[in-house]
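*Asks:* fold the following and give me the result.
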Amino acid sequence: MAPEVFRRLDGKAAVAAQPGSLEERTKALQALLSCPTSSIHTNKPPKDILQVQDMFPLPLDEDLLPGVYLCGYHSEHSFGATSYLVTHPQGNILIDSPRYTPKLADNIERLGGARYMFLTHIDDVADHRKWAERLKCGRIIHSGDVEEGTADVEWKLHGNGPWNIGTDFELIHTPGHTPGSVCLHYKPLKVLFTGDHVAKSEESDDLNLFLIYSKQSVSLQVDSIRKLLDVNFEWLLPGHGYRIKYKDVQAKNAAMESLLANYTTS
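*Replies:* Numbers count the residues shown, from 1 in each chain. Predicted coordinates for the structure are as follows:
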């Protein structure tokens, strides 16, 4: 959230530099509020922290992605995963669970609340019950990821799909990371929310499957990547890892083909 201030040093996150401008300070305070382990501190209580709280959910790109927001307030119970909010005339969608805070809930309600809470997979459900109770939203998860903590979810997807939410959102079953991993395709804006299925690598521009955390076989997860070749998206918004904006669908497919080739030859 604030790469000018926080960087990876010796395998760990660290303060690489103090904020050098008001914009960098604001981003650093946004990261402070969002840190899942509350590991970021200031010498003195920041006087402008309430103003920064009011910024969440953060618009991702008001021109290219209108109505798509970062929720911030990452939850330790979701391993720090990113949660998103999409505002839409047919009903807003909260994607995965941020840490529950009344202030964030107030701000989401000012944006129209949420009609649905889409859970990409079992790892990133965090405070889903608290959000469902507060926002009165119907939760969606694949039956393959139903456990004790998600047994009360209102809508359980069965089979291989695809499924739809209204006219603009398609749900694509992408097992591999977990049996019930599902990506959400926001068709008009060409956005794919991938959960933990795939994201940009931290070390390069290559795609990463995070296989060390996968609960199923490599071949199954690679097969799920092949499904994405037929999906018309240019933005890849993951739960973990880095976001990607491709030049066009052909560039997206080239990246996917490169990933497939790596695992085919390895």
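*Asks:* distance of Pro57 relative to Leu259?
*Replies:* For Pro57, the distance to Leu259 equals 30 Å [C-beta to C-beta, to the nearest Å]. Backbone N, C-alpha and C define where each C-beta goes, glycine included.
*Asks:* of those two, give the one with the bigger neighbour count.
*Replies:* Comparing Pro57 with Leu259 by other C-beta atoms under 10 Å, the one with more neighbours is Pro57, at 22 against 19.
*Asks:* so what's Val86 up against?
*Replies:* Neighbour list for Val86: 67-69, 92-93, 95, 186 [criterion: C-beta atoms under 8 Å, 6 or more residues apart in numbering].
*Asks:* Arg243: neighbour count?
*Replies:* 16.
*Asks:* please report how far it lies from Ser83.
*Replies:* 14 Å.
*Asks:* quick one: contacts of the longest helix belonging to the chain?
*Replies:* Determined from DSSP state H, the single longest helix within the chain is helix 249-265. Residues outside helix 249-265 that contact it (C-beta under 8 Å, 6+ apart): 190, 198, 206-207, 209, 218, 222, 225-226, 228-229, 232-234, 236, 244, 246.
*Asks:* let's see that with 7 Å instead.
*Replies:* Helix 249-265 is contacted by residues 207, 218, 222, 225-226, 228-229, 232-234, 246 when judged by C-beta atoms under 7 Å, 6 or more residues apart in numbering.
*Asks:* kindly report the same for stretch 58-77.
*Replies:* 30, 33-37, 56-57, 80-88, 97-99, 101, 104, 126-127, 189, 191, 235.
*Asks:* tell me the buried residues within these.
*Replies:* Among these, those buried by neighbour count (16 or more other C-beta atoms under 10 Å) are 30, 33-36, 56-57, 80-88, 97-99, 101, 104, 126-127, 189, 191, 235.
*Asks:* okay, and which of those map to helices?
*Replies:* Per DSSP H, the buried ones among the contacts of stretch 58-77 map to helices at 30, 33-34, 104.
*Asks:* what is the nearest of those residues to His41?
*Replies:* Using C-beta to C-beta, Leu33 is the member of these that lies nearest His41, at 12.1 Å.
*Asks:* quick one on the thing from earlier: buried residues, the longest helix of the chain. List them.
*Replies:* In terms of neighbour count (16+ other C-beta under 10 Å), helix 249-265 has its buried residues at 252, 255-256, 259-260.
*Asks:* and the residues you listed as CSV, adding distance to Pro3 and pLDDT?
*Replies:* What follows is these, written out as CSV (distance: C-beta to C-beta, whole Å; pLDDT from 0 to 100):
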residue, distance to Pro3, pLDDT
Lys252, 23, 94
Ala255, 22, 93
Met256, 26, 94
Leu259, 24, 91
Leu260, 29, 92
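*Asks:* can you show me the strands along the stretch 51-200 of the chain?
*Replies:* 58-61, 65-70, 84-86, 93-95, 116-118, 138-142, 155-157, 163-165, 169-173, 182-186, 191-195, 199-200 (DSSP state E, counting those that start in this stretch).
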